[in-house]
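Asks: A predicted structure for the sequence below; I have some questions about it.
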Amino acid sequence: MAKMIHSMIRVLDEARSTDFYRLLFGLEVIDRYPFDGFTLIYLANAETGFELELTTNESQSEPYDLGNGYGHLAVSVEDVAAEHERLTALGIPVGKLVTMERDGAAFAKFFFVTDPDGYKIEVLQRGGRFR
């Protein structure tokens, strides 16, 4: 059986991105591997074994074209309303807090935030299928 271990996104500025993911989601740099022309940076926290891999390319000076195939990353939190308030108080632009229903019952409560490179991140209330 396969085990998902990480997702990779390309970023322009390592410090800006690592600061963003640390501040918003408590992700810390756990490994950093410079290569000729690019660097791989792995972020994680104690909540999960899943990692976010950031890739910086030395030759890239313009924002990446995210295209129309990328959707979003997702994280779950214990109290999505409190997290929405916390990020708003920090001056982070966040989307509206939304409750999505299915068959007359709450299915998901969430909001979106955008990282410095334009990647969308869904912040979900932990529970149900979103553990």
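Replies: Nice, I can see it.
Asks: centre of the chain to the strand ranked longest in the chain, how far?
Replies: Longest strand in the chain by number of residues (criterion: DSSP state E): strand 105-114. Chain-centre distance of strand 105-114: 14 Å, with Cα atoms, centre = their mean, to the nearest Å.
Asks: likewise stretch 123-131?
Replies: 15 Å.
Asks: so how far does it reach from one end to the other?
Replies: Taking Cα to Cα, to the nearest Å, stretch 123-131 runs 12 Å from one end to the other.
Asks: hmm, residue 45 is touching residue 25, no?
Replies: Yes: assessed by Cβ atoms under 8 Å, residue 45 is found in contact with residue 25 at 7.1 Å. (Each C-beta comes from the backbone N, C-alpha and C, glycine too.)
Asks: domains of this protein?
Replies: What automatic domain parsing lists as the domains of the chain is 1-63, 71-131.
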